[in-house]
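Participant: what's the 3D shape of this:
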Amino acid sequence: MGERFIPPVMQLGKRSAWAVSQFGRRVTKWQGLVPLMQRAGVVAPSLDMDVFRAITSEFASLDVEIYCETLRQLGEHDAYGMLGDIRVPTLLIAGDKDMMTPRAVSERMQSEIADCRLVVVPGGTHYTPVEFPEMVASELDRFLRRVAGYEPAAYRQSLS
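Facilitator: Numbering: from 1, shown residues only. Got it, this is the predicted structure:
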């Protein structure tokens, strides 16, 4: 369904870039945006509001025409056939309510990547890292402990 719906929407977005940009600037400043998205199930109730507002504020300055063209081209790109060539440990973290990257896509990727762990976060959407940061950090830590040379204390110290 998405392959028939998204390209025309992206074309409309490109043709209406100025209007979309103006709308984006206004809606990202609206305090009711996040609660509305939460009620609609687009983002989880556990969403870190401050981080998400920082993310959405960046949308206000996007070049909508370029963004729509990029999304259109991403929709045409399929690297599925190359997944079997991945020869490094891989971690996929997916939200079970992600409308942009449905769970089936992550499961399909996992089935093709030799050493791949898939973690599906219940209630997570496309913004899972902002909704469940502790869970994502824990899974990353668990994954990185398997990678030679990773030292959690040294890594945490480098962040300070």
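
Participant: the domain parsing of this structure - what is it?
Facilitator: For the chain, automatic domain parsing gives the domain ranges 2-76, 80-159.

Participant: Dump these to a markdown table, plus mean pLDDT and mean neighbour count.
Facilitator: All C-beta spots, glycine's among them, are computed from the backbone N, C-alpha and C. Shown next, in a markdown table, are these (pLDDT from 0 to 100; neighbours: other C-beta atoms under 10 Å):
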| stretch | mean pLDDT | mean neighbour count |
| --- | --- | --- |
| domain 2-76 | 78 | 14 |
| domain 80-159 | 89 | 14 |
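
Participant: Can you give me the distance of the residue most central in space within the chain to residue 101?
Facilitator: Geometric centre of the chain, nearest residue: residue 126, 4.3 Å, by C-alpha atoms, centre = their mean. Between residue 126 and residue 101 the computed distance is 7 Å (C-beta to C-beta, to the nearest Å).

Participant: What of residue 118?
Facilitator: 12 Å.

Participant: Common neighbours of these two, please.
Facilitator: residue 94 (C-beta atoms under 8 Å, 6 or more residues apart in numbering).

Participant: returning to that earlier point: not counting its neighbours along the chain, what's nearest the residue nearest to the centre of the chain?
Facilitator: residue 100 (4.3 Å; C-beta to C-beta, 6 or more residues apart in numbering).

Participant: Can I take it that that neighbour is in a helix?
Facilitator: No - looking at residue 100 with DSSP: H, G, I helix; E, B strand; the rest coil, it is coil, so not inside a helix.

Participant: after whichever helix or strand residue 25 is part of comes which helix or strand?
Facilitator: Mapping residue 25 onto the secondary structure by DSSP states H and E places it in helix 17-27. Once helix 17-27 ends, the next helix or strand along the chain (criterion: DSSP H and E) is helix 33-40.
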